[in-house]
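Asker: Provided below are the primary sequence and the corresponding predicted coordinates.
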Amino acid sequence: MLNNNYNEKGNYIYRVKREDSDLDSFLNLLYDDRLEEIMYIGEKKTVKVFHREYGMCETDMKMSKKSANSLIEQVLNSSPDIDGSGKIINSSLADGSRINIVRGEIVDDGPVITIRKFKKDPITIIDLIRNKTMTVEFAAYMWMCIEGLNANPANIIFCGGTSSGKTTTLNAFSVFIPKKSRIITIEDCFELRLPHSHVVALESTNDVSMQNLLKTTLRMRPNRILIGEVRDKEAQDLFTAMNIGYGGCMGTIHSNSTRETITRVTNKPMEVPIILIRNLDLIVMQKKKIIDGKAQRYVNEVSEISGSEGDNPLLNTVFSYNERTNVLERTNVPSRTRAKIVNDSGISIARFENILAARKKILSALAERSEKYRNIELLDILDQQSTITREQATDEPVYESNPYKNNNTAKIDEKSKENESLFGKMSSFFEEKMF
């Protein structure tokens, strides 16, 4: 076990449990699930770590160059497909953590080693609600879009800067994919860990590109396609898949805004034709900021492709982050994605909003409980509730708020007491079914 002590000056010192060798002490860091990254930057400097709560921290240990090279040899011996003569090495450890190595020939006081830790228990959608990465309303909205009411699930790109939590959020949202789906994931390094039983996880190599894997995936009868990170020409095949009817495709892209995401996708090296961009439904922008010395990841903006003017795709903002209140808020802009799901599932807008409100209550109930849920447990609960909320919803406008004040079909019923009573019955029903 690690002895994790921090000083009281805001300059946090991570105290490492000592072993007989400095390498074993260094490897002890891999057992702390609160660490995101472990950084060795030469034998003259202390090892650094990035803590999920406290951000970047010094440790109280150093590691010799001899021990660092010994670790590199262990990585190479366990990964025979890696060219050991390379100056830069990317690989995975036995627990799934990613390791990047820059050899001493091209870096001062090298080698430099960076380990992105693989979290033992993946962060869940309930965790993201509890830590204020997103609101319950947004999570419920994404439940509607990802599940698609068994009609037409949305195609979604999660964007953001480095270490903003894109892949974590994508993985957490996977519990909204119907339980019996055949899901194929494509990554350059395995990170996604879905709770579903029918998952085919593909990993690119030097010989097999992500584009090759995506082309192969289209011949494997997938219900859902998830790409860990879209970087290159595979973007064209992903958008082609969306265009020919593979709904519910999801992936991540490095970018700094929803608009920049479109710019990146349509320019080199991805070069997705403008005509295919319309098949993308949602762009979820995630950011990271430091508050009181601690890292806070949060969904900043959610946009839809609403059309185009010539070669310029138009965006609607359906959720926007209020910097004054630090809350992600649903806008009054009519949602194209909602309209698509409503039309394809053959329901009214009122029924859509009723299902959304019921699912919001379910997620709130889960988040308010003290239990620690795993994704496999949430998949069972939410898959059952997807069916229940669809079947129990009515066309009566009984939901709690009116996001479309100018839409007559979305007006709140004046019989508020009757509506509150109905919600009470629904909540009791869900409580009984869930727990």
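Answerer: Arrived safely.
Asker: sort out which residues of the longest strand seen in the chain are buried, please.
Answerer: The longest strand of the chain (DSSP state E) is strand 294-309. Buried residues in strand 294-309, counted by 16 or more other C-beta atoms under 10 Å: 295, 297-306. (C-beta placed from N, C-alpha, C; glycine too.)
Asker: what's the answer for stretch 75-89, then?
Answerer: Buried residues in stretch 75-89 (16+ other C-beta under 10 Å): 75-76, 79, 82, 89.
Asker: tilt between the next helix or strand after the longest strand of the chain and strand 294-309?
Answerer: Using DSSP states H and E, the helix or strand that follows strand 294-309 in sequence is strand 312-322. Relative orientation of strand 312-322 versus strand 294-309 (axes from the mean of the first three to the mean of the last three C-alpha atoms, to 10 degrees): 150 degrees.
Asker: next structured bit after strand 312-322?
Answerer: Defined by DSSP H and E, the subsequent element after strand 312-322 is strand 327-330.
Asker: run through who's touching that next one.
Answerer: 134-135, 137-138, 141, 298-300, 302, 318-322, 403 (C-beta atoms under 8 Å, 6 or more residues apart in numbering).
Asker: ditto for stretch 370-390
Answerer: With C-beta under 8 Å, 6+ apart, stretch 370-390 has contacts from 121-122, 124-126, 143, 147, 149-150, 171-172, 174-176, 178-179, 193-196, 355, 358-359, 362, 366, 429-430, 433-434.
Asker: just the element for the closest residue to residue 26 other than its chain neighbours, please.
Answerer: Using C-beta to C-beta, 6 or more residues apart in numbering and skipping the chain neighbours, the partner closest in space to residue 26 is residue 63 (5.1 Å). In the assignment (DSSP H and E), residue 63 maps to no helix and no strand.
Asker: how many residues are close by residue 63?
Answerer: Using other C-beta atoms under 10 Å, residue 63 has 23 neighbouring residues.
Asker: so how far is residue 138 from residue 319?
Answerer: Plainly put, residue 319 is 6 Å away from residue 138 if you go by C-beta to C-beta, to the nearest Å.
Asker: return every residue with contacts to both of those two.
Answerer: With C-beta under 8 Å, 6+ apart as the test, residue 319 and residue 138 both reach 299, 302, 328, 330.
Asker: closest one of these to residue 43?
Answerer: residue 299 (40.7 Å; C-beta to C-beta).
Asker: I'd guessed the closest one sits against residue 133; true?
Answerer: Yes. Residue 299 lies in contact with residue 133 (C-beta atoms under 8 Å); the separation is 6.4 Å.
Asker: identify the contacts common to the two.
Answerer: 169, 286.
Asker: which parts of the stretch 1-150 of the chain are strands?
Answerer: For the stretch 1-150 of the chain, strands defined by DSSP state E, counting those that start in this stretch occupy the ranges 13-14, 35-40, 48-51, 55-59, 88-92, 98-102, 112-116.
Asker: between those strands, which gets the lowest average pLDDT?
Answerer: With a mean of 86, strand 13-14 has the lowest mean pLDDT of those.
Asker: elements contacting that one?
Answerer: Here strand 13-14 touches strand 55-59, going by 3 or more C-beta pairs under 8 Å, 6 or more residues apart in numbering; DSSP states H and E.
Asker: show me what the strand it packs on is packed against.
Answerer: By 3+ C-beta pairs under 8 Å, 6+ apart, strand 55-59 packs against strand 13-14, strand 48-51.
Asker: what inclination does it have with respect to strand 294-309?
Answerer: Using the same axes, to 10 degrees: strand 55-59 against strand 294-309 is 140 degrees.
Asker: how is this protein carved up into domains?
Answerer: 13-116, 153-334 (automatic domain parsing).
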